[in-house]
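>>> Pasting a predicted model and its sequence here:
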Amino acid sequence: MSAFEKQTESIVKALFSDLLNEEETVNRCLETDSGESEQSAEETPSNFDPVVIASRLRSIGDECNIDFENSSQVVAEVLKGKIEKFEAAVDSLSRRWSNQNPELCYERAFLTISVKLAMCIAKKVPAVVHHIPLVELINGNSRVRSYIESCGGWENLDN
């Protein structure tokens, strides 16, 4: 697993924990580490903090003004707990939203929609939140991954 994929996993874990208001002592700021980490600086930048980045993703999700309840049948099914349709819902909504808002690139729309939809699921069906394939969705989308990397990595997203 690459450093990017590990970071995505940590960020999504922190996001889900936050969405469910769980206390998570695992997520700590790496800047305050004693420096005795097994990972090299190349693998995990010193300013990489999954909790802070998860908070940024929530802010990005808050940019979404789509009414998920009335957007499509697929989204309605996802909001009832059919998580297997999450990827299709995110892709469809991201394409539609970025087409309607030319200033918004698909990759940004994708991150916004996926986080906002996860937030909605956490409110409606909290039991399935940890089954949302958000890590796989982000890591598996080369356009989104390239977008994040072109920003300088997760730690520079929206800085």
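Structure's in. What do you need? Worth saying up front: this structure is predicted, and the values here are computed from it rather than measured.

>>> who touches stretch 72-80?
Here stretch 72-80 makes contact (Cβ atoms under 8 Å, 6 or more residues apart in numbering) with 68-69, 85-86, 88-89, 92-93, 117, 120-121, 124-125. Bear in mind the C-beta positions are built from the backbone N, C-alpha and C, glycine included.

>>> Buried among those residues? Make that a PyMOL selection.
Buried residues among the contacts of stretch 72-80 (16 or more other Cβ atoms under 10 Å), as a PyMOL selection:
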select buried, resi 68+85+86+89+92+93+117+120+121+125
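
>>> Which ones among the contacts of stretch 72-80 map onto strands?
With strands taken from DSSP state E, there is no overlap with the contacts of stretch 72-80.

>>> JSON lines for the contacts of stretch 72-80, including pLDDT and distance to Ser142?
Compiled in JSON lines, these are given as follows (pLDDT from 0 to 100; distance: Cβ to Cβ, whole Å):
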{"residue": "Phe68", "pLDDT": "86", "distance to Ser142": "26"}
{"residue": "Glu69", "pLDDT": "79", "distance to Ser142": "31"}
{"residue": "Lys85", "pLDDT": "93", "distance to Ser142": "22"}
{"residue": "Phe86", "pLDDT": "95", "distance to Ser142": "19"}
{"residue": "Ala88", "pLDDT": "92", "distance to Ser142": "18"}
{"residue": "Ala89", "pLDDT": "93", "distance to Ser142": "20"}
{"residue": "Ser92", "pLDDT": "91", "distance to Ser142": "18"}
{"residue": "Leu93", "pLDDT": "93", "distance to Ser142": "19"}
{"residue": "Leu117", "pLDDT": "94", "distance to Ser142": "21"}
{"residue": "Cys120", "pLDDT": "92", "distance to Ser142": "26"}
{"residue": "Ile121", "pLDDT": "92", "distance to Ser142": "25"}
{"residue": "Lys124", "pLDDT": "89", "distance to Ser142": "30"}
{"residue": "Val125", "pLDDT": "90", "distance to Ser142": "29"}
